[in-house]
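J.: quick one, fold the following:
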Amino acid sequence: CLQRNDRHSKTLLAGDMQPQWPTRLAIDPLDSTLHIVDDSVILRLTPDMRIQVVAGVSPLCPILKNEPIKDKTRANLTPLGPVTDIEFSFDGQLYLTEKKPMNGSKLYVINSDGGISEPEVVCNINQTCIDNCKDCSYGNVPAIAVTPNNAILIADNNALKIYKLDHFRPSPQEGQVHRV
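T.: From the prediction side, this is the model:
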């Protein structure tokens, strides 16, 4: 098991690791490291040819099954369903889509500190969202892309649509309170 519940990530030599179900690859634009989706885990190949867990928990990891996970904001300690796609923004944020039960998908962003959250974005194209799209639902999302201005494009196979998500920016109107 490559995860530990502490600040020092355990690594494994790349030659000593056997992927279970590698499906997607992405390159971090900030450090040119390769990121690999292996079912419900995202792995990073470091320049010195070591493997680190970036996000998800392997179902084969007995350590985290037996220990309660207290910090749900750490991507490498957060269990994920099958990861359907990953994409980096120009500033190094890693976006991922996770397949949920009942043919749905969820969008997450992992920041450079390893934190995981839902991005604060506004939906377009027949998606009505208030505040930040946490209530938007997507069907089967096999692919995502991030534009140079950080808009997120999501392909939804169930709706047969491509959604464009823009980052949430409150409009400056007097008398309104906005969360920042």
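
J.: contacts, neighbours, all on C-alpha from now
T.: Will do.

J.: following the helix or strand bottoming out on mean pLDDT in the chain, which helix or strand shows up next?
T.: Ranked by mean pLDDT, DSSP states H and E, the weakest helix or strand in the chain is helix 62-66, scoring a mean of 58. Following helix 62-66 in sequence order, the next helix or strand is strand 83-88 (DSSP states H and E).

J.: quick check: next helix or strand after that following strand?
T.: strand 94-100.

J.: quick one: Gln93 from Gln18, how far?
T.: 26 Å (C-alpha to C-alpha, to the nearest Å).

J.: who's more crowded, these two?
T.: Gln93 (20 against 8; other C-alpha atoms under 10 Å).

J.: run a quick check on that one versus Ser112, I expect a contact.
T.: Yes: the criterion here is C-alpha atoms under 8 Å, and Gln93 meets it with Ser112 at 6.4 Å.

J.: tell me where this structure has strands.
T.: 12-13, 22-27, 34-38, 41-45, 50-55, 83-88, 94-100, 104-110, 116-117, 121-123, 143-146, 152-156, 161-167 (DSSP state E).

J.: nearest to Leu77, out of those?
T.: Among these, strand 50-55 comes nearest to Leu77, with 7.0 Å by C-alpha to C-alpha.

J.: list the helices and strands the closest one packs on?
T.: The contact analysis (3 or more C-alpha pairs under 8 Å, 6 or more residues apart in numbering; DSSP states H and E) places strand 50-55 against strand 12-13, strand 41-45.
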